[in-house]
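1. heads up, no residue letters with this:
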């Protein structure tokens, strides 16, 4: 049970205990919960490959937006500050891109303390649906600059790429729910002692 003042999803219960056979009769036994080996077998193959490619794509998108934000700030510094909207949006682009990159980095490699902090403050990232909405939202930051963007080509390319990436997440959710069900959010630092964190992702 989560502590006082903490939502339930901060401490997800991911039981990996195998249910022992119940001695209730000669031909009746209790069902066994899937163990780690069976979970790995079910989550590998095509599903694991698709989800891994989505993660790599998101890291590429984050790098693309960070580049756009930095170049925008450089151009604003060179041409002089004519307004606050452009550097303000560019700064937010960099922060949102770093947030996305850090989440995907934790999906590949555990960072317990950072994962616990991010899950408390950015819990919407810990699922394909919330992450897809987040990526679509960030895409409109690029479109918000519009004609005022200092780096127009990269600005529109980044916005289109983020929008396509967010829609791709929803394509997987709607048309391939079996793949979406295999998605495992990072859990390092969140599981209670004695629980295994070997199934943080499907890789």
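-> All right, it came through fine. Just so you know, these numbers come straight off a predicted model, no measurement behind them.

2. The longest helix belonging to the chain packs against which elements?
-> Looking across the chain with DSSP state H, the single longest helix is helix 45-79. Contacts defined by 3 or more C-beta pairs under 8 Å, 6 or more residues apart in numbering; DSSP states H and E place helix 45-79 against helix 85-108, helix 128-145, helix 152-175, helix 177-181. All C-beta spots, glycine's among them, are computed from the backbone N, C-alpha and C.

3. Out of those helices, which is closest to residue 54?
-> Nearest of the helices and strands packed on helix 45-79 to residue 54, taken as C-beta to C-beta: helix 152-175 at 7.0 Å.

4. picking up where we left off before, tell me which of the helices and strands packed on helix 45-79 sits nearest to residue 71.
-> Closest to residue 71 of the helices and strands packed on helix 45-79, according to C-beta to C-beta: helix 152-175, at 6.7 Å.

5. one step back: give the buried residues for the longest helix of the chain.
-> Within helix 45-79, the residues scored as buried using 16 or more other C-beta atoms under 10 Å are 47-48, 50-51, 54-55, 57-59, 61-62, 64-69, 72-73, 76.

6. if we can go back for a sec, same list (the helices and strands packed on helix 45-79) but as JSON lines, adding mean pLDDT and mean neighbour count.
-> Below are the helices and strands packed on helix 45-79 laid out as JSON lines (pLDDT from 0 to 100; neighbours: other C-beta atoms under 10 Å):
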{"stretch": "helix 85-108", "mean pLDDT": "92", "mean neighbour count": "18"}
{"stretch": "helix 128-145", "mean pLDDT": "91", "mean neighbour count": "19"}
{"stretch": "helix 152-175", "mean pLDDT": "94", "mean neighbour count": "17"}
{"stretch": "helix 177-181", "mean pLDDT": "91", "mean neighbour count": "14"}
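
7. now the ones you listed as a markdown table including distance to residue 119?
-> What follows is those, written out as a markdown table (distance: least, C-beta to C-beta, whole Å):
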| stretch | distance to residue 119 |
| --- | --- |
| helix 85-108 | 10 |
| helix 128-145 | 12 |
| helix 152-175 | 19 |
| helix 177-181 | 19 |
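
8. Compare those and report which one is nearest to residue 187.
-> With C-beta to C-beta as the criterion, residue 187 lies closest to helix 85-108 of the helices and strands packed on helix 45-79, at 9.7 Å.

9. What's the mean pLDDT across the helix or strand just after that closest one?
-> The element immediately downstream of helix 85-108 (helix or strand, assigned by DSSP states H and E) is helix 112-121. Mean pLDDT, helix 112-121: 90.

10. any idea how far the residue nearest to residue 149 when sequence neighbours are not counted lies from residue 57?
-> Leaving aside its sequence neighbours, residue 149 sits nearest to residue 155 (C-beta to C-beta, 6 or more residues apart in numbering; 3.9 Å). The gap separating residue 155 from residue 57 is 19 Å, by C-beta to C-beta, to the nearest Å.
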